[in-house]
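> curious how this folds, go ahead:
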Amino acid sequence: MTTQTDTAGSVTAVYKVSGMSCGHCEGAVSGEISEIDGVGSVKAVASSGEVTVVSSAPLDEEAVRAAVDEAGFELVGRA
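Take a look at the predicted model:
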């Protein structure tokens, strides 16, 4: 699990998502996760399957899982 608290009071977490293969996939996952309350930024990388999320507080993993499911992909867990 990679979670760190940044100096500005934000939290960065990295998740593994299976099934992303292109920029459209990255956009779909990023778009859904960015709608979770408290999320400041999302960067999805299809080639590694990693999604980096910066939020104002630690996120509920089930909320992230639901967002990834809504985008049509599977949350494997935290990287």
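> only C-alpha atoms from now on, for both contacts and neighbour counts.
Noted.
> can you pull out the strands in this protein?
Remark: strands assigned in the chain by DSSP state E are 2-5, 11-18, 39-45, 50-55, 74-78.
> possible to save those as TSV with mean pLDDT and distance to E61?
Below are the strands of the chain laid out as TSV (pLDDT from 0 to 100; distance: least, C-alpha to C-alpha, whole Å):
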stretch	mean pLDDT	distance to E61
strand 2-5	52	12
strand 11-18	97	9
strand 39-45	97	13
strand 50-55	98	12
strand 74-78	96	8
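> which of the ones you listed sits closest to A67?
Checking the strands of the chain against A67 by C-alpha to C-alpha gives strand 74-78 as the closest, at 9.1 Å.
> gap between the closest one and the chain center?
9 Å (C-alpha atoms, centre = their mean, to the nearest Å).
> and if you look at stretch 69-79?
With C-alpha atoms, centre = their mean, you get 8 Å for stretch 69-79.
> quick one, what contacts the closest residue to S10 other than its chain neighbours?
Spatial nearest neighbour of S10, chain neighbours left out: S56 (4.6 Å); criterion: C-alpha to C-alpha, 6 or more residues apart in numbering. By C-alpha atoms under 8 Å, 6 or more residues apart in numbering, the contact set of S56 is G9, S10, V11, G38, V39, G40.
> from V29, how far off is S48?
Distance of S48 to V29, computed by C-alpha to C-alpha, to the nearest Å: 14 Å.
> wait, isn't V14 in contact with S55?
No: if you go by C-alpha atoms under 8 Å, V14 and S55 don't touch, sitting 11.3 Å apart.
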